[in-house]
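1. sequence? don't have it. structure:
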């Protein structure tokens with residue numbers, strides 16, 4: 001067992017979510033699926049309780065805990081991308097699978113988990129400081145999905 005694992009709360013869709021993440025993101029996989037050994041107040045023996053999975057190498061567990069808690073933007077996965085094709089692929093997979101767009105490279109999957117699909121070029125631009133960084137920031141603030149060509153143009157001035 002890992003020393004530190006991210007635990008994500010789902011209603012009853014942890015296995016579906018884990019399979020989606022494993023199919024969508026590189027270096028991601030589904031591990032053990034733990035089922036209820038007996039009936040319990042909100043389910044029956046055999047229901048999926050916990051799913052072990054990795055997202056881009058980060059160990060996670062999905063807990064089917066019911067409707068008591070909801071996800072918020074206070075937690076998000078930030079996925080670094082190398083080019084527009086990779087940015088588009090991840091963004092579109094999330095949004096077109098029942099998710100929703102947000103601003104500045106953020107989107108939310110259909111289970112309520114927030115994702116920051118962040119091109120490396122954007123992070124480099126933000127780290128430059130000065131006017132180039134300011135122009136990149138202003139350009140980003142107008143976007144939902146990040147457009148790398150627009151960020152690069154903003155950096156150049």
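-> Okay, I see it. Computed from a prediction, not measured in an experiment: that's the story for all the values here.
2. for the rest of this, base every contact and every neighbour count on C-alpha atoms.
-> Fine.
3. what's the domain layout of the chain?
-> According to automatic domain parsing, the chain comprises the domains 1-70, 71-157.
4. how far away is the spatially most central residue of the chain from residue 47?
-> Nearest to the geometric centre of the chain sits residue 115, at 3.4 Å (Cα atoms, centre = their mean). As judged by Cα to Cα, to the nearest Å, residue 115 and residue 47 stand 28 Å apart.
5. do the same with residue 133
-> Counting by Cα to Cα, the gap from residue 133 to residue 47 is 50 Å.
6. settle it for me: which of those two has more neighbours?
-> Neighbour count, other Cα atoms under 10 Å: between residue 133 and residue 47, residue 133 has more, with 20 against 17.
7. for that one, what are its contacts?
-> Applying Cα atoms under 8 Å, 6 or more residues apart in numbering, we find residue 133 in contact with 125-127, 155.
8. cutoff 10 Å now
-> Counting by Cα atoms under 10 Å, 6 or more residues apart in numbering, residue 133 touches 122-127, 139, 151, 154-155.
9. select only the buried ones of those residues in ChimeraX?
-> In ChimeraX, this line selects whichever of the contacts of residue 133 come out buried by 16 or more other Cα atoms under 10 Å:
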select :122,125,126,139,151,154,155
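10. next, format the contacts of residue 133 as TSV and append distance to residue 74, pLDDT and secondary structure.
-> Output for the contacts of residue 133, formatted as TSV (distance: Cα to Cα, whole Å; pLDDT from 0 to 100; DSSP: H, G, I helix; E, B strand; the rest coil):
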residue	distance to residue 74	pLDDT	secondary structure
122	21	97	helix
123	20	97	helix
124	24	97	helix
125	24	97	helix
126	21	95	helix
127	23	96	helix
139	24	98	helix
151	26	98	helix
154	29	97	helix
155	29	97	helix
